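Here you go, sequence then predicted model.
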Amino acid sequence: MSKRILFSSLIGAVVLGGVAASGLALAAAPREPTLEHGSARYAAPSDGSAGSIAYTVDVSDDSGIRGLKVLAWPASSKLDPTEAELRSVESAKCRSTSDETTRCTYTLKVTKREAADLAKGTWYVSALATAEDGGTTFVPRAATFDLTR
């Protein structure tokens, strides 16, 4: 084998090895949780039963999902919650739908008396997803719904 062919082969092997190594490094980089197919709704209380504010979303991460914190708030409040503030609010109930995806549902029961005090109009839902590997995703306006009487 000539030195020229051997040298070309070695350069090709080094280049291919470098590309493979960088591809492995990119593939191994942790990704943050994703929230998809989220929806929120308000159901007014009736004479015989409580109403509710509900938010459902599919949360995915390659390491699995540890939990989802949720806060519903009226747009008229100008609240604008932060990721740090969401760490201390209520958690949604989550159930696994696959190795990487979990369906999370947050439900807040609302009595007739409570409903009378709620601000009418547009409301937002903020969400903070936490993966098993510690990665987080904060979505300040994950969903919108209208509260009417």
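Noted; the coordinates are in hand.

And the residue most central in space within the chain, how far from Val125?
Central residue check for the chain by Cα atoms, centre = their mean: the C-alpha nearest the mean position is that of Leu35, 3.6 Å away. According to Cβ to Cβ, to the nearest Å, Leu35 stands 10 Å off from Val125. To be clear about C-beta, it is placed using only N, CA and C from the backbone, and glycine gets the same treatment.

Adjacent strands (with direction) for the strand or helix carrying the residue nearest to the centre of the chain?
Leu35 belongs to strand 34-43 when assigned by DSSP states H and E. Partners of strand 34-43 in the sheet, by DSSP bridges, are strand 51-60 (antiparallel).

Tell me the first helix or strand C-terminal of the partner strand.
Where DSSP H and E defines the elements, the next helix or strand beyond strand 51-60 is strand 65-74.

From the chain's centroid, how far away is that next one?
9 Å (Cα atoms, centre = their mean, to the nearest Å).

what's the answer for stretch 95-114, then?
13 Å.

Identify the residues contacting that stretch?
42, 44-45, 50-62, 64-65, 68, 70, 72, 90-94, 118, 125 (Cβ atoms under 8 Å, 6 or more residues apart in numbering).

Got a PyMOL select line for the buried ones in the residues you listed?
Those of these that count as buried under 16 or more other Cβ atoms under 10 Å are selected in PyMOL with:
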select buried, resi 42+45+51+53+54+55+56+57+58+59+60+61+64+65+68+70+72+92+94+118+125
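
what's the overlap in contacts for Leu35 and Val125?
Counting by Cβ under 8 Å, 6+ apart, the shared contacts of Leu35 and Val125 are Ala142.

Spell out the secondary structure type for Glu32.
Secondary structure for Glu32, judged by DSSP: H, G, I helix; E, B strand; the rest coil, is coil.

burial of it, as a residue count?
If you count neighbours by other Cβ atoms under 10 Å, Glu32 ends up with 12.

Check Ala142 too.
Counted with other Cβ under 10 Å, the neighbours of Ala142 add up to 22.

Let me know the distance separating the residue lying closest to Trp73 once chain neighbours are set aside from Ala72.
Excluding its sequence neighbours, the residue lying closest to Trp73 (Cβ to Cβ, 6 or more residues apart in numbering) is Leu79, at 4.6 Å. Leu79 is 10 Å from Ala72, where distance means Cβ to Cβ.
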